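S.K.: got a sequence here, can you build the structure:
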Amino acid sequence: MPIRIFIDADACPVKDEAYKVAARHGLKTFVVSNAFINTPRDPMIERVIVPAGPDVADDWIAERAGSSDVVITADIPLADRCVKAGASVLAPNGRAFDEASIGLALATRNLMTDLRSFGEQTRGPKPFAPRDRSAFLSALEVAVTRLKRAGHMA
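M.R.: Numbering: from 1, shown residues only. The predicted model follows:
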């Protein structure tokens, strides 16, 4: 199967980096959001605008992602669904989610959600930094190379 990239695009800070890696490897890329997002004019980049609503973009991605795909998302429940489908999943900061790490990430997310619902003040994620962008580029390159070595096609 060909390697594809799915970007959970609404708040993704590394779309341009993903486009560069995708172009270098000739990969079909789906930019999924519930609002218009500017994308390069490239036949290998497809803008997908889904209806507004909770988890509609997540559902679109999760229903299509498989073992030859890379999913880029900061959404932990979506990452969990995609890992279970066999996809390679990366956060915008380059963190890879896999079967060994997704359980802890999901538990931590749920704990923080519960704490906030009880009025606890929690810190949000660290600000996105240039080193995160660099880590993402490296992680995406590694993920694509690993898929190619596993016999998936560009």
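
S.K.: next helix or strand past the worst-scoring helix or strand of the chain on mean pLDDT?
M.R.: Scoring the helices and strands of the chain by mean pLDDT, DSSP states H and E places helix 102-117 at the bottom, with a mean of 63. Per DSSP states H and E, the first helix or strand lying C-terminal to helix 102-117 is helix 130-149.

S.K.: need the contact partners of that next one.
M.R.: Residues outside helix 130-149 that contact it (C-beta atoms under 8 Å, 6 or more residues apart in numbering) are 3, 13-14, 17-18, 20-21, 25, 27, 68, 70, 72, 88, 90-96, 154. C-beta: built from backbone N, CA, C; applies to glycine.

S.K.: quick check on the residues you listed: which are buried?
M.R.: Neighbour-count burial (16 or more other C-beta atoms under 10 Å) is assigned, among the contacts of helix 130-149, to 3, 14, 17-18, 21, 25, 27, 68, 70, 72, 88, 90-96.

S.K.: can you get me the centre-to-centre distance for the helix or strand harbouring Thr29 and its chain?
M.R.: Assigned by DSSP H and E, Thr29 falls within strand 28-33. Between the centre of strand 28-33 and the centre of its chain there are 10 Å (C-alpha atoms, centre = their mean, to the nearest Å).

S.K.: what's next to that strand, contact-wise?
M.R.: Strand 28-33 is contacted by residues 2, 4-10, 15, 18-19, 22, 37, 39, 44-50, 57, 60-61, 64 when judged by C-beta under 8 Å, 6+ apart.

S.K.: low-confidence ranges in this protein?
M.R.: Residue ranges of the chain with pLDDT under 70: 103-105, 107-116, 120, 122-125.

S.K.: look up the residues forming beta bridges with the most centrally placed residue in it.
M.R.: Nearest to the geometric centre of the chain sits Ile72, at 1.3 Å (C-alpha atoms, centre = their mean). In this structure, Ile72 bridges to Ile7, Leu90 when assessed by DSSP bridges.
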